[in-house]
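requesting a structural model of the entry that follows:
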Amino acid sequence: LNEEREPVGIDIFLSHDWPRGISRYGNTRKLLQKKKFLQREIETNTLGSPVSEELLHLLKPAYWFSAHMHVKFPAVVYHQEEVETSSTQRTYWRRCKNICR
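Residues are numbered from 1 along each chain as shown. Now for the predicted structure:
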């Protein structure tokens, strides 16, 4: 999936492990109330998969579902994209909803 070519649009992505760093995009305080043992991994940015994080930012799916931690953790990631037209270049944000369980 991660080759040097233009990625195709993906609506839904499923993975076992969470993308690394996903805790920054949701209610971390609420997550830690349910899973206190994740504190250290969140602080050291080792919670989740580095490969999944890379794919999240490369493929920019509309929805990403993961299940490894067995807890509901909704998060929203906004991806910045640049669009070139014949006379101008525009930047916009694309939203990706992550629902981790």
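
for the protein, which segments are assigned as strands?
Along the chain, counting by DSSP state E, strands occupy 12-15, 63-66, 73-84, 89-100.

worst mean pLDDT among these?
Mean pLDDT across those is lowest at strand 89-100; the value there is a mean of 56.

if you count residues, where's the longest helix of this protein?
In the chain, with assignment by DSSP state H, the single longest helix is helix 50-59.

what's that helix packed up against?
Counting contacts by 3 or more CB pairs under 8 Å, 6 or more residues apart in numbering; DSSP states H and E, helix 50-59 is packed against strand 12-15. Heads up, the C-betas are built off the backbone N, CA and C, glycines and all.

which of the residues in the strand it packs on are buried?
13, 15 (16 or more other CB atoms under 10 Å).

also stretch 29-44?
Going by 16+ other CB under 10 Å, stretch 29-44 has these buried residues: 31, 35, 38, 42.

compute the first-to-last residue distance for that stretch.
In stretch 29-44, first residue to last residue: 16 Å (CA to CA, to the nearest Å).

what does it rub up against?
With contacts defined as CB atoms under 8 Å, 6 or more residues apart in numbering, stretch 29-44 is touched by 23, 28, 47, 69, 71, 73.

closest one of these to His57?
Using CB to CB, Ser23 comes nearest to His57 of the contacts of stretch 29-44, at 15.4 Å.

mind checking pLDDT for the nearest residue to that closest one once chain neighbours are set aside?
The shortest distance from Ser23 to any non-neighbouring residue, by CB to CB, 6 or more residues apart in numbering, is to Ile42 (4.9 Å). On pLDDT, Ile42 comes in at 96.

over to the one 3 residues further on?
Asn45 carries a pLDDT score of 96 in this model.

so how far is Lys35 from the residue nearest to Ser23?
Computed with CB to CB, to the nearest Å, the distance linking Ile42 and Lys35 is 10 Å.

before we move on, what about Asp17?
14 Å.

buried set for the longest helix of the chain?
Neighbour counts over helix 50-59 (16+ other CB under 10 Å) mark 52-53, 55-56, 59 as buried.
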